[in-house]
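Undergrad: What follows is a predicted structure for the sequence shown.
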Amino acid sequence: MLKLHTLRVRAALVRECMAEFLGTFVLLLFGCCAAAQVKTSRDTKGQYLSVNMSFSVGVMSAMYLVKGISGAHLNPAVTLSFCVVRRVKWGRLVPYCLSQVLGAYVASALVYAVYYDAIMEFSGGVLTVYGPNETASIFATYPAEYLTLGRSFLDQVVGTGMLMLCILGLEEKRNTPAPSDLVPPIVATIVLGIGMSMSANCGAAINPARDLGPRLFTLTAGWGTEVFTCYNYWFWVPLVAPLIGGPLASLLYLIFIEWQLPDPEPSPSLSTDSIIKNSVKRPARLATGGDLNSTYF
């Protein structure tokens, strides 16, 4: 008889990538299903707030599901930011990001399968990016028609920056740390706040995987190359801007908060030699991908 423990993947990086894939899948399934329900029902079975809340529930659920394995980044901008502040090894950046994009792609495919009939009835069978019956925005984000390219870029930098700035200190014991079990709902509330206050311009993607995975799916599912060429090739904005906003906000956090906090007081029971040894060992521990300090959307 096969024992369950024999199914455990031995390579830590593979386990972490599996977790990032599944966590991002859960996040996108909640959010895009809500978008499909609101869009295809013409706002009779939910409103714009429903989508914001569903993405937040997706964040919370995904974090509880996988944070013990990978840290539940679920977002290339988060992974990059943690690499910049040396909380995650650089070698995990590309594998994590690819896993997140793939999870978002597969989730979009399942949303399409679940809501296929509703999408076809709503669109009349014509899958397009423009017009009153467009359905591409169910999956990826698109800018408002009044928005300039520069303002949309700033929008994504600020939104992602706020995400990182607000979550970096949640487990900082020298400040006001949140209880570990409450970190997922707190992060979800932060995401909800960003969605409610900063999504009118271009949908508050604040996550390259959340946008690229679904956009690639719509490219292959019938919407065509228009999902990349529309709005003057706007697609690169939610890919690049979050990767700038996240690290910038992380550096601001270091300068204004982390480096200004009081030094931790050594335990009286520790000898000077023990303190030195612990301080030498500490960076290696923080560099692991599954460290609790790297647990955020």
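TA: On my side now, so go ahead.
Undergrad: residues contacting the closest residue to residue 60 other than its chain neighbours?
TA: Using C-beta to C-beta, 6 or more residues apart in numbering and skipping residues adjacent in sequence, the residue nearest residue 60 is residue 188, 3.8 Å away. For the C-beta atoms, the positions are set from N, CA and C on the backbone; glycine is no exception. By C-beta atoms under 8 Å, 6 or more residues apart in numbering, the contact list for residue 188 reads 56-57, 59-60, 63, 297.
Undergrad: now, among those residues, which is nearest to residue 147?
TA: Residue 147 lies nearest to residue 56 out of the contacts of residue 188, by C-beta to C-beta, at 23.8 Å.
Undergrad: Show the backbone phi and psi for the residue nearest to the spatial centre of the chain.
TA: Nearest to the mean C-alpha position of the chain, by C-alpha atoms, centre = their mean, lies residue 75 at 3.3 Å. Per-residue torsions, residue 75: phi -160, psi 120 (degrees, to the nearest 10).
Undergrad: Ignoring the adjacent residues along the chain, who's closest to it?
TA: Using C-beta to C-beta, 6+ apart and skipping the chain neighbours, the partner closest in space to residue 75 is residue 207 (4.3 Å).
Undergrad: how much space between that neighbour and residue 123?
TA: 26 Å (C-beta to C-beta, to the nearest Å).
Undergrad: Looking at the two, which one has more neighbours?
TA: Comparing residue 207 with residue 123 by other C-beta atoms under 10 Å, the one with more neighbours is residue 207, at 33 against 19.
Undergrad: Would you confirm that the more buried one contacts residue 77?
TA: Yes. Between residue 207 and residue 77 there is a contact at 6.4 Å, judged by C-beta atoms under 8 Å.
Undergrad: so what sits against both of the two?
TA: With C-beta under 8 Å, 6+ apart, residue 207 and residue 77 have common neighbours 160, 242.
Undergrad: Following the chain onward from the lengthiest helix in the chain, which element is next?
TA: Assignment by DSSP state H gives helix 12-40 as the longest helix of the chain. Remark: after helix 12-40, the chain's next helix or strand is helix 48-66, criterion DSSP states H and E.
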